[in-house]
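Asker: the amino acid sequence is not available; the structure is as follows:
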């Protein structure tokens with residue numbers, strides 16, 4: 001499952017960054033009792049350019065492309081002006097008396113950090129819009145949560161999502177026994193044995209059944225899980241042409257494991273919807289882990305209560 005953080009359009013990132021910079025500079029100005037030069041609010045012009053870019057995207061062909069580039073050029077110009085203002089404000093803060101400088105030190109640090117983020121967005125916007133470079137390993141997709149990743153889903157309606165990969169392990173009675181929020185998305189094949197080990201560490205024994213989707217399959221994973229003591233490993237191999245393998249996957253226990261896994265997918269959607277895991281309300285990777293952990297605890301309490309509740313006669 002993925003937890004969405006923020007929209008990733010370059011114009012939206014520039015708009016967010018400009019807004020935070022302007023707001024922070026005004027707070028510094030107010031707290032410092034005024035600056036040598038009043039902070040100028042350019043957000044009205046920035047908003048106009050962002051709206052114009054959205055309208056230009058509706059026009060196809062060369063004319064629409066030229067219009068879009070021109071609007072981006074104007075938006076980048078405004079953003080650079082705001083960055084220049086932030087540099088001037090930061091220099092004025094450095095020249096303030098020590099006592100006044102201490103009062104705005106937190107805001108000054110935030111201003112400097114956000115200015116660095118916005119400069120990154122300016123560079124990647126210029127590279128994408130004017131140089132056509134769409135592949136960037138260090139692409140920034142959120143100025144609020146810089147750790148956000150682009151997660152390719154490969155679905156027609158939702159090819160990409162933005163956030164972090166969250167792993168959930170479920171045992172009987174819909175009880176989540178382990179969760180993990182990954183700093184960098186690993187390959188699913190690298191998660192299977194670690195999941196079995198996490199189950200053994202927490203419950204004192206390896207699971208009797210392991211069911212997962214085809215992304216977790218490899219011959220080495222299947223054999224290693226069986227070596228660890230897992231009796232039934234239900235992971236389909238979608239790329240096989242072996243008739244023996246196909247007969248293996250048609251066995252009743254294998255199909256039962258896949259039906260249970262399909263049910264887990266539906267329950268993941270329930271957890272996301274019921275406990276708000278589609279969007280983290282805490283900032284930072286540690287905040288996201290805390291948010292997911294609270295959702296898992298709440299969901300487990302509900303399912304444990306249902307299991308322990310007396311059944312009607």
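Answerer: Alright, I've got the coordinates. Predicted model, so just to flag it, every value in this text is computed and none were measured. Residues are numbered from 1 along each chain as shown.
Asker: helices of the stretch 51-200 of the chain, residue ranges please.
Answerer: Along the stretch 51-200 of the chain, counting by DSSP state H, counting those that start in this stretch, helices occupy 61-94, 98-103, 105-131, 192-203.
Asker: can you pull the buried residues of the first one?
Answerer: Spelled out, that is helix 61-94. Across helix 61-94, burial judged by 16 or more other C-beta atoms under 10 Å covers 67-68, 71-72, 74-76, 78-79, 82-83, 85-86, 89-90, 92-93. In short, each C-beta sits where N, CA and C put it, glycine included.
Asker: picking up where we left off before, and residue 45, which of the helices of the stretch 51-200 of the chain is closest to it?
Answerer: The closest approach between residue 45 and any of the helices of the stretch 51-200 of the chain, judged by C-beta to C-beta, belongs to helix 61-94 at 5.5 Å.
Asker: could you give the angle of that closest one to helix 105-131?
Answerer: Counting by axes from the mean of the first three to the mean of the last three C-alpha atoms, to 10 degrees, helix 61-94 lies at 160 degrees to helix 105-131.
Asker: ok, the residue lying closest to residue 41 once chain neighbours are set aside - contacts?
Answerer: Spatially, and ignoring its direct neighbours in sequence, residue 41 is nearest to residue 22 (5.8 Å; C-beta to C-beta, 6 or more residues apart in numbering). The neighbours of residue 22, taking C-beta atoms under 8 Å, 6 or more residues apart in numbering as the test, are 39, 41-43, 82.
Asker: next one: residue 38
Answerer: Applying C-beta under 8 Å, 6+ apart to residue 38 gives the contacts residue 29.
Asker: quick one, phi/psi of it?
Answerer: The phi/psi pair for residue 38 (degrees, to the nearest 10) reads phi -60, psi 140.
Asker: what does the pLDDT read for it?
Answerer: Looking at residue 38, its pLDDT is 91.
Asker: ok, back up a step: what's the closest of the contacts of residue 22 to residue 278?
Answerer: Closest approach between the contacts of residue 22 and residue 278, by C-beta to C-beta: residue 43, at 28.6 Å.
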